[in-house]
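[1] Requesting a structural model of the entry that follows:
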Amino acid sequence: MSQPIIGIVSNREYIEKGIYKKPIHNVNDDYLNMIYRCGGVPIIIPNTNTFDSLKPIVDKFDALLLIGGEDVSSNCYLGQKSKNPRDNFEIEIYNYFKKNKKPILGICRGLQIINVAEGGTLKNIDSSKIEHKIGMDGWINYHEIEIKNNTKLKKLISKTNYTISSVHHQAIDKLGKSLVVSATASDGVIEAIEYFDEIFIVAFQGHIEKCLNNYGDYINVIKKFIEEANNG
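    Prediction:
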């Protein structure tokens, strides 16, 4: 079996460099290692270029991974353009991979981008009995999710209840068209979604890339993602 190429859209951050801040593009090692571990080859896609200029390269990719990062702007709801170029870039590349029926996996912000691209909206989690954020001491909270029957996710994780990490304050408000809820938290936050038909589009609100050693059933999802990329 060949190794499929998985495109990962980078974060754009600023680091202190003397008296000024230097912009950098980065992808956390956890995402890269997750792809390597399951048989794929990760390639980082910068998000500052216009999408059209990257099409000749993107066409060679077998699947797309949309990762975590900054908030998604409400300016890009309902097909509008965001003031954040990354929002527009990721929505465009998502639509391109979907149109070409290539597998897509979203994590954290990635889930939110997929929902917005499908016409959905987001909300802030102001307070909840579940902590969906990093603690003041750096502790990353974990909580239980309920996996819905008759979903792609349930076929891959044959459990009703499972555990996921939780580091976010935006969550799905209105669900995007063509999407199905495949897992929720006990406070009602949508924790996983998927595309309604056979194309592999699955996304998680939590950071499954950080859970693979302790909650190994998530490996089934990544392996299926890579398998679908290899079959494309």
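[2] Report the separation between I6 and K224.
    As defined by CB to CB, to the nearest Å, I6 lies at a distance of 13 Å from K224. C-betas here are computed from N, CA, C, even on glycine.
[3] I meant to write E194 there.
    E194 is 11 Å from K224, by CB to CB.
[4] ok, now I24?
    From I24 to K224 the distance is 32 Å (CB to CB).
[5] got the phi/psi numbers for A229?
    phi -60, psi -40 (degrees, to the nearest 10).
[6] what does the one helix or strand in the chain whose mean pLDDT sits lowest contact?
    Lowest mean confidence among the helices and strands of the chain (mean pLDDT, DSSP states H and E): strand 11-17, at a mean of 85. Defining contact as CB atoms under 8 Å, 6 or more residues apart in numbering, one finds that strand 11-17 is touched by 21-28, 47-48, 67-70, 86.
[7] do stretch 113-130 as well
    Here stretch 113-130 makes contact (CB under 8 Å, 6+ apart) with 66, 72, 74, 76-79, 87, 90-91, 94-95, 104, 106, 112, 132, 141, 143, 166, 168-179, 185-187, 189, 193, 201, 203.
[8] try 7 Å this time
    66, 72, 76-78, 90-91, 94-95, 106, 112, 132, 143, 169-179, 185-187, 189, 193, 201, 203 (CB atoms under 7 Å, 6 or more residues apart in numbering).
[9] So which of those sit within helices?
    Judged by DSSP state H, helices contain the following of those: E90, I91, Y94, N95, Q112.
[10] Looking at I24 and K224, which is more packed in?
    Neighbours per residue, other CB atoms under 10 Å: of I24 and K224, the larger number sits with K224, 19 against 12.
[11] Quick check, the more buried one in contact with I157.
    No. Under the criterion of CB atoms under 7 Å, K224 makes no contact with I157, lying 10.4 Å away.
[12] Name the nearest residue to K210, ignoring sequence neighbours.
    Leaving aside its chain neighbours, K210 sits nearest to S165 (5.2 Å; criterion: CB to CB, 6 or more residues apart in numbering).
[13] For the one you found, give me its contacts.
    Per CB under 7 Å, 6+ apart, neighbours of S165: I140, Y142, G206, H207, K210, C211.
[14] Could you list the buried residues of stretch 112-122?
    Q112, I113, I114, N115, V116, A117, E118, G120, T121, L122 (16 or more other CB atoms under 10 Å).
[15] list the contacts for the first one?
    With contacts taken as CB under 7 Å, 6+ apart, Q112 has the following neighbours: V72, L122, Q170.
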